[in-house]
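1. Sequence and predicted structure, then a few things I'm wondering about:
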Amino acid sequence: MIDENIKHVINGDYIVIPIETGYIKPNEDLSSIINPARELMENGDYLVIAETPISVSQGRLVDEAEYTPSLTAKFLTTVWSKYLWGYILGPLLKIKKRTIKNLRRLPEETKAHKEVVLQLYGLKHALKPASEAGIDLSNAPGTCVSLLPEDPEKVACEIKEDIGKDVCVMIIDTDATYMKNGKYFTGLPIAIDGIKADMGFFGYVKGQLSENMGSTPLGCSEKISVEEGLKIANIAEDYQKSLSTEMKTIHSVKKVLGTSESEVTIEALDSITHTPAVIIRKIN
């Protein structure tokens, strides 16, 4: 089991132990995650890490203010995402009401964001009305965004080696994995073996007509089944959803930090407690 003095919650047959840190800054190492994990983890545990702190630590930040929106980006933002998806396709396909609300109030800065998606990931991802290519707008300073981590499987293996125990390290993204006819897929550019990835907009549309399986495992230190990976990823996501400091979307920033999206500083991000990872342990 676990020492009652260690912060934890019970989720079904699992114990969830949060790893709390300050804001992991660009090009900073992951010792604030690895050191407590090494101390708290037991053989057989899972360490589930959100993708954004990995990306930021790798310096995978892009300043969207440096991008000038093209006519295509402007069309995709205003006509395609805000109006066609916000008022017609979104309600028709019964996407989340929160997503529809956010689409209808897309700010002017979204045009530069679409340009970033177009240039770095192409039209297949830019056609997605929101949360394109796993780019995170909510946990980066100023007008920066973070891209998905580079080679998350390799990162997971390196973290496991640093911990030095027989554990499973997984890096996840909250963007969905879907299932249809027993096949798993995601719009995200990367995912673990067994999940068809890089489907972009087409995966998103197909996903609305399929079963949403929850968060997507991007990389894992072990070869595990998709079913096991999804189960553990969703236990971690359940814990994150319970936190008052969760910044799931860019619209959460003002509520959590008390500042507008474009005025977010590293100091402001560092002023709150972050939970970039959780340890998940099966109850024997």
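-> Looks like it came in fine. Residues are numbered from 1 along each chain as shown.
2. What strand or helix carries the closest residue in space to residue 46 that isn't next to it in sequence?
-> Leaving aside its sequence neighbours, residue 46 sits nearest to residue 280 (Cβ to Cβ, 6 or more residues apart in numbering; 4.2 Å). C-betas here are computed from N, CA, C, even on glycine. Residue 280 belongs to strand 274-282 when assigned by DSSP states H and E.
3. who are the neighbours of that strand, in terms of helices and strands?
-> strand 14-21, helix 31-40, strand 46-50, helix 51-57, helix 226-241 (3 or more Cβ pairs under 8 Å, 6 or more residues apart in numbering; DSSP states H and E).
4. Report pLDDT for residue 137.
-> With respect to pLDDT, residue 137 scores 85.
5. if I look at residue 202, how far off is residue 134?
-> 16 Å (Cβ to Cβ, to the nearest Å).
6. Between those two, tell me which one has more neighbours.
-> Ranked by neighbour count (other Cβ atoms under 10 Å), residue 202 and residue 134 place residue 134 first, with 25 against 14.
7. which ones are touching that one?
-> 51, 147-148, 173, 175, 188-189 (Cβ atoms under 8 Å, 6 or more residues apart in numbering).
8. Now do the phi/psi pair for it.
-> Here is the backbone geometry of residue 134 (degrees, to the nearest 10): phi 70, psi 10.
9. neighbours around the closest residue to it other than its chain neighbours, how many?
-> Closest residue to residue 134 apart from its sequence neighbours, by Cβ to Cβ, 6+ apart: residue 148 at 4.4 Å. Number of residues near residue 148 (other Cβ under 10 Å) recorded here: 24.
10. And whichever strand or helix holds residue 173, what does it pack against?
-> Here residue 173, judged by DSSP H and E, is contained in strand 168-180. Contacts defined by 3+ Cβ pairs under 8 Å, 6+ apart place strand 168-180 against strand 46-50, helix 51-57, helix 152-163, strand 183-185, helix 200-208, strand 211-220, helix 226-241.
11. just to revisit the earlier point, and the gap between the residue nearest to residue 46 and residue 193?
-> Applying Cβ to Cβ, the value for residue 280 to residue 193 is 20 Å.
12. which of the two has more neighbours?
-> Between residue 280 and residue 193, residue 280 has the larger neighbour count (other Cβ under 10 Å), namely 21 against 14.
13. middle-most residue in the protein, spatially?
-> residue 173 (3.3 Å; Cα atoms, centre = their mean).
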